[in-house]
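Engineer: just to be clear, the model below is a prediction. Sequence and coordinates:
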Amino acid sequence: QSQVVESGGGSVQAGGSLRLSCVASGFRQCSYDMSWYHQAPGKEREFVSTVDSVRETRYADFVKGRFTVRRDKNTAYLDMNNLTPEDTAMYYCQVLIVSGWGCAQGQSTWGQGTQVTVSS
């Protein structure tokens, strides 16, 4: 069974740093993108960053220069630096299957999220 599990959230002061991790399991030989989204209370879920199946990376404008995404096999990391209170949100990892024998292309699997709280 496919599963996505995030960890690493916590509470920090403005200017601080956190590293989030996302572990994908059960995806067999599928190729997949791993992306980070966040959702603040009362707001829509918003794209943060992605590292795709060939290790290309993309970032939302509001995190460029502060966040770095990387991937080691089935684990994605999001290094968040110079955090601001506006970064306070639940952070979710998404696995999106792009190809692979017997794999459901386009299937999206989400983790349960990890909370990041930044105080001023």
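Structural biologist: Thanks, I have the structure now. Numbers count the residues shown, from 1 in each chain.
Engineer: regarding this structure, what is its longest strand?
Structural biologist: For the chain, the strand that runs over the most residues, judged by DSSP state E, is strand 89-99.
Engineer: so the spatially most central residue of the chain bridges to which residues?
Structural biologist: A centroid search over the chain (Cα atoms, centre = their mean) returns Trp36, at 2.5 Å, as the residue closest to the centre. In this structure, Trp36 has the following beta-bridge partners (DSSP bridges): Ser49, Cys93.
Engineer: other SSEs contacting the helix or strand that the longest strand of the chain is followed by?
Structural biologist: Using DSSP states H and E, the helix or strand that follows strand 89-99 in sequence is strand 108-110. Taking 3 or more Cβ pairs under 8 Å, 6 or more residues apart in numbering; DSSP states H and E as the contact definition, the neighbouring helices and strands of strand 108-110 are strand 3-7, strand 89-99. Heads up, the C-betas are built off the backbone N, CA and C, glycines and all.
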